[in-house]
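J.: Okay, predicted coordinates and the sequence, questions at the end:
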Amino acid sequence: MKLLFIIISVFASTGSAIKCYQCSSSMEEKGEDNCGAYAGFRKDKHIPVECNSDESVTVGTFCVKITEQSPRGFIWDGRWRSVHRRCASVTETGVVGVCNWGVREDGVYWEECYCAQDGCNGGTDLKIAFSLVSFLIAVHILF
């Protein structure tokens, strides 16, 4: 029992909030792509925001990157793409460190990637936190 308490204490939050990038390609001026809808994400244009602060668009305990793309064939044929990065508090599956995707009835492709490290929604791919993997391995070995 003491060992389990030690493991939980190591991985418990120290009280500081997670910091996530927040931007939305739908809020950018025409011709700009700082949120990474078509080009790479511009980290030099954004600063991660604490998810429990007044600066955060949504309060949360992890980060999310949401990508949507229209069903048309090519960008020059009118296909559009949007990216939203922000804090989040609820996932469809209840799991972070994964990406969920699908196609809506109107043909729009969507992808939602959740992660739990500071600034983890700033990349093109999201990785599971090392501490989470270590915790799961420890639990598997001990039990």
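T.: Perfect, thanks for sending it. Bear in mind that the values here come from a model prediction, so they are computed numbers and not experimental data.

J.: mind listing the strands for the chain?
T.: With strands called from DSSP state E, the chain shows them at 19-20, 23-24, 49-50, 62-69, 81-88, 99-103, 109-115.

J.: and those, which is most packed in?
T.: Sort the strands of the chain by mean neighbour count, taking mean count of other Cβ atoms under 10 Å, and strand 19-20 sits at the top with a mean of 24. Where C-beta positions appear, they are placed from N, C-alpha and C, glycine not excepted.

J.: How about residues contacting it?
T.: Residues outside strand 19-20 that contact it (Cβ atoms under 8 Å, 6 or more residues apart in numbering): 48-51, 56, 60, 62-64, 85-87, 118-121.

J.: what's the straight distance from one end of stretch 35-55 to the other?
T.: One end of stretch 35-55 sits 17 Å from the other (Cα to Cα, to the nearest Å).

J.: Flag every buried residue along that stretch.
T.: Cys35, Gly36, Ala37, Phe41, His46, Pro48, Val49, Glu50, Cys51 (16 or more other Cβ atoms under 10 Å).

J.: Out of those residues, the closest to Val96 would be?
T.: Cys51 (12.8 Å; Cβ to Cβ).

J.: Sketch out the low-pLDDT regions of the protein for me.
T.: For the chain, the stretches with pLDDT under 70 are 1-16, 72-78, 92-93, 124-143.

J.: how near is the closest residue to Lys43 other than its chain neighbours to Cys20?
T.: Take Lys43 and drop its neighbours on the chain: the residue closest to it by Cβ to Cβ, 6 or more residues apart in numbering is Gly122, 5.5 Å away. In this view, Gly122 and Cys20 are 8 Å apart by Cβ to Cβ, to the nearest Å.

J.: Who is the residue nearest to Trp110 when sequence neighbours are not counted paired with across the strands?
T.: In this structure, Trp110 finds its nearest non-sequential neighbour in Glu68, 5.1 Å apart by Cβ to Cβ, 6+ apart. Using DSSP bridges, the bridge partners assigned to Glu68 are Ser82, Trp110.

J.: Count the neighbours of the residue nearest to Lys43 for me.
T.: Neighbour count of Gly122, defined by other Cβ atoms under 10 Å: 20.

J.: which residues touch it?
T.: Tyr21, Phe41, Lys43, His46, Pro48, Arg85.
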